[in-house]
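# Generate a structure from the sequence data that follows.
(one chain, ligands or ions: 1)
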Amino acid sequence: MRKLGSILGVLLVFAISALALVMIYDKGKDQKPLRYADVPQETIDWINTLGNDLNDILSSFNPFPIPTPWDNKGDYGNDPDSGLKTLEDDYFIFYFPESLIEKAKFCQKEAHKAIPHLKDMMGKYYYPDDMNGRKVPIYLTEDQEGYNEVLSKFIRKNGNQGSAGVTIFEMSPSGIYLHAIALNGKYAFVNDEYTKIVIWHELNHYCFFASLDYNQSINLPMWSFEGIAEYFAYEGERPSFSKNHIEDMRKECNLLDAYFPYTYQVYDGGRSIYCFMEDQYKVSGIKAFIKTLYNSGIPTSMKQNFSISVPEFEKNWKDNLEEFTVKRQ
Ligand SMILES: [Zn+2]
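Residues are numbered from 1 along each chain as shown. Next up, the predicted model:
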């Protein structure tokens, strides 16, 4: 009898263990595996300090996986108190005051037009299926006041309120969670051409930051992501500089510094670096450079793709900056 009791005991323990395993499996089967199991401290610091007055990124690192699905139900624009209208399709949700309905339709069209170009230049576009169900939420605002209000819903610290647009995201072991892209009506809606540039610029940030390998040590300089976003949004159109600006860039812009001192250097200067890269290595060279950059950083990417060191590349770019004095015909 005693023996039977212990056999029953063993069976019971076995049954409970099996049940527990099934329950754990059930709970876990809908969860995607972690994409970034071990994010280095340097990368965490970089993400937490990315946004400043020189750029249009607001990012933070969250050490915990964000539960899925990442649908858009909790977004500020879905809050009835926001008074915002929505325009939604398979990939995007626009939130805007009623007065901006025509702008919203225009932005929707431009966002869709950007997708094949992003795939081509950045290597991949991130659909909701790639983002645990999340569509890209884009907020359109009438003026500075509306823009500040949207920013204040997502961030505690003051964002760069002088920007025409912003990309706000959180990075966790589950990947990039895009809180919002927002457009500042004060600047972004001066004309349709510029509206398109701002939309394409911010969507470029979305794809760039979703593509980085966060298991690596990442500490990319600002020109690398602002420059490609500008080069992409302007579709390769060349920036131009005054002679004084060219002289200043030669003195002040070091490609391995975290950032250049002035906004025009980060944006137009960054764009000129990619235009120069195109002159030297064609558009295919830029695509290869970006692809390697996601995993291996700038020095390795330049070495691997162009057989050149960063200081050599920097010298060549600076030597050729006169090419950007006037726009080419
Ligand atoms: Zn930007």
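# Who are the contact partners of Cys107?
When contacts are counted by C-beta atoms under 8 Å, 6 or more residues apart in numbering, Cys107 is found next to 94, 138, 140, 183, 195, 199. For the C-beta atoms, the positions are set from N, CA and C on the backbone; glycine is no exception.
# I figured the fifth one hits Gly185, correct?
This points to Thr195. No: taking contacts as C-beta atoms under 8 Å, Thr195 lies outside contact range of Gly185: 9.6 Å.
# Overlap in contacts, those two.
Joint contacts of Thr195 and Gly185 (C-beta under 8 Å, 6+ apart) are Lys103.
# Report the separation between Glu230 and Trp223.
Relative to Trp223, Glu230 is positioned 10 Å away (C-beta to C-beta, to the nearest Å).
# so Ala188 touches Lys196, yeah?
No: Ala188 is beyond contact range of Lys196, at 9.8 Å (criterion: C-beta under 8 Å).
# what about these two, which has more around it?
Taking other C-beta atoms under 10 Å, Ala188 and Lys196 do not tie; Ala188 has more neighbours (25 against 21).
# And the more buried one, how far from Phe92?
16 Å.
# can you check Phe306 too?
36 Å.
# Number of residues surrounding the residue of the chain found nearest the ion?
In the chain, the residue that lies nearest the ion is Asp56 (4.1 Å; C-beta to the ion). Residues near Asp56, counting by other C-beta under 10 Å, number 24.
# For it, which residues are in contact?
Neighbour list for Asp56: 160, 163-167, 201-202, 205 [criterion: C-beta under 8 Å, 6+ apart].
# hmm, try it at 6 Å
Contact analysis of Asp56 by C-beta atoms under 6 Å, 6 or more residues apart in numbering lists 163, 165-166.
# What residues sit buried inside stretch 308-328?
Within stretch 308-328, the residues that count as buried by 16 or more other C-beta atoms under 10 Å are 308, 310, 313-314, 317-318, 321, 323-324.
# Would you report which members of those residues are assigned to helices?
Under the assignment DSSP state H, the buried residues of stretch 308-328 contribute 310, 313-314, 317-318 to helices.
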